[in-house]
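> need a 3D model of the following:
(one chain, ligands or ions: 1)
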Amino acid sequence: MSYENIQVRTEGGKVGIVTLHRPKALNALNDALMDELGQALMAFDADEAIGCIIITGSEKAFAAGADISAMAKYSFQDVYKKNFISRNWETIRQVRKPVIAAVSGFALGGGCELAMMCDFIIAADNAKFGQPEIKIGVIPGAGGTQRLPLAVGKSKAMDMTLTGRMMDAQEAERAGLVSRVVPVDKLADEALGAALVIAGYSQISVMAAKESVNRAFESGLSDGLLFERRLFHSLFATADQKEGMDAFLNKRAPDFKNA
Ligand code: CAA
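Purely as a prediction, here's the structure:
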């Protein structure tokens, strides 16, 4: 499959990497790019060999937002009829394998929202996050007003959304938006290292872990705990649980078969 707005490759036979690639527009996210991203993510998700996916951008920009030149002339009728920003932006929610955002440079507007749709964010020390839509007369439209408060709390989310200011990598780590910050020249290695660790585990338990953590954002505590416990119970039906525990007890490396 060849793409025009993204680059796709695999590492170690088990990590899928998607690089957003519209360098002249700081990876602004237009329809064509989001269609391609969705296709690439679903292809990696369906590939048995792939255990983890990374989405990244360039050193200067993860993505500077939805493409303003594409949407500047849209009317309400245009955006309402095509359910603008939902159709091809939500594909990522169907991906069951972990998706890491490796963010360098600008992650603004839809770029910040795309990073937050990933399972966790590893940031380079030059990363800048923001929801500056207020500056162009709109508000975040791809989940920013919902996922940012979940990640950083109300006060900081309101500050970011209402003033449009950017948050640097250090502030983002303190606030809990990103899981790690590394020097910019180490970002690719750090993300790949994390992805290879994840891809080395049983895919079944990895997918169950992702599903269960995500449930924390969709349900109350009692329902979430029950969901977790039932998934935990179900993993005792897998060969990988027997293998993982036997390997631990016999002081050897596990050989997971994703079964
Ligand atoms: N859409 C379209 N083009 C964009 C863009 C965007 N979101 N962001 C940057 N570009 C383009 C610029 O127009 C410029 O193109 P030309 O060279 O043809 O003029 C090129 O990328 C380089 O950008 P700058 O010259 O502006 O680069 P800079 O280093 O001076 O500034 C920046 C970088 C601060 C990120 C600035 O480009 C900027 O503020 N971009 C817009 C950020 C923004 O408002 N994002 C939110 C978009 S709305 C949204 O995302 C809605 C949603 O919730 C989904």
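
> could you use CA atoms for every contact and neighbour count after this?
Fine.

> which bits of this protein sit near the ligand?
Within the chain, the residues that sit near the ligand (C-alpha under 6 Å from any ligand atom) are 24-26, 28, 64-69, 106, 108-110, 132-133, 140-142.

> what about those, which are in helices?
Members of these lying in helices (criterion: DSSP state H): 68, 69, 110.

> which parts of the stretch 1-150 of the chain are strands?
Counting by DSSP state E, counting those that start in this stretch, the segments of the stretch 1-150 of the chain that form strands are 6-11, 15-20, 52-56, 61-63, 99-103, 106-108, 120-124, 128-130.

> distance check, the residue nearest the centre of the chain against residue 177.
The C-alpha lying nearest the average C-alpha coordinate of the chain belongs to residue 118 (C-alpha atoms, centre = their mean; 1.4 Å). Relative to residue 177, residue 118 is positioned 11 Å away (C-alpha to C-alpha, to the nearest Å).

> repeat for residue 257
Residue 257 is 33 Å from residue 177, by C-alpha to C-alpha.

> looking at these two, which one has more neighbours?
residue 177 (26 against 13; other C-alpha atoms under 10 Å).

> quick one: residues contacting the more buried one.
Residues near residue 177 by C-alpha atoms under 8 Å, 6 or more residues apart in numbering: 121, 148, 151, 152.

> which ones among those residues are found in helices?
Per DSSP H, the contacts of residue 177 map to helices at 148, 151, 152.

> which one of the residues you listed is nearest to residue 234?
Closest approach to residue 234 among the ones in helices among the contacts of residue 177 (C-alpha to C-alpha): residue 151, at 29.3 Å.

> can you tell me the closest non-neighbouring residue to residue 60?
Distance criterion C-alpha to C-alpha, 6 or more residues apart in numbering; nearest residue to residue 60, sequence neighbours excluded, is residue 105 at 4.5 Å.

> just checking, that neighbour touches residue 56?
No. The pair residue 105 / residue 56 is not scored as a contact, 10.5 Å apart, by C-alpha atoms under 8 Å.

> mind listing the shared neighbours of these two?
Counting by C-alpha under 8 Å, 6+ apart, the residues touching both residue 105 and residue 56 are residue 62.

> contacts only, for the closest residue to residue 68 other than its chain neighbours.
Closest residue to residue 68 apart from its sequence neighbours, by C-alpha to C-alpha, 6+ apart: residue 28 at 7.9 Å. Contact analysis of residue 28 by C-alpha under 8 Å, 6+ apart lists 22, 63, 64, 65, 66, 67, 68, 111.

> among the residues you listed, who's most crowded?
For the contacts of residue 28, neighbours tallied by other C-alpha under 10 Å; top is residue 63, 33 neighbours.

> my read: that residue touches residue 57, true?
Yes. Using C-alpha under 8 Å, residue 63 is in contact with residue 57, at 6.7 Å.

> find the residues that touch each one of these two.
With C-alpha under 8 Å, 6+ apart, residue 63 and residue 57 have common neighbours 20, 27.

> what are the buried residues along the longest helix seen in the chain?
The residue-count maximum for a helix in the chain (DSSP H) belongs to helix 31-46. Neighbour counts over helix 31-46 (16 or more other C-alpha atoms under 10 Å) mark 31, 33-42, 44-45 as buried.

> now do that helix: distance to the chain's middle.
Distance, stretch centre to chain centre, for helix 31-46: 13 Å (C-alpha atoms, centre = their mean, to the nearest Å).

> tell me the angle of that helix relative to strand 6-11?
20 degrees (axes from the mean of the first three to the mean of the last three C-alpha atoms, to 10 degrees).
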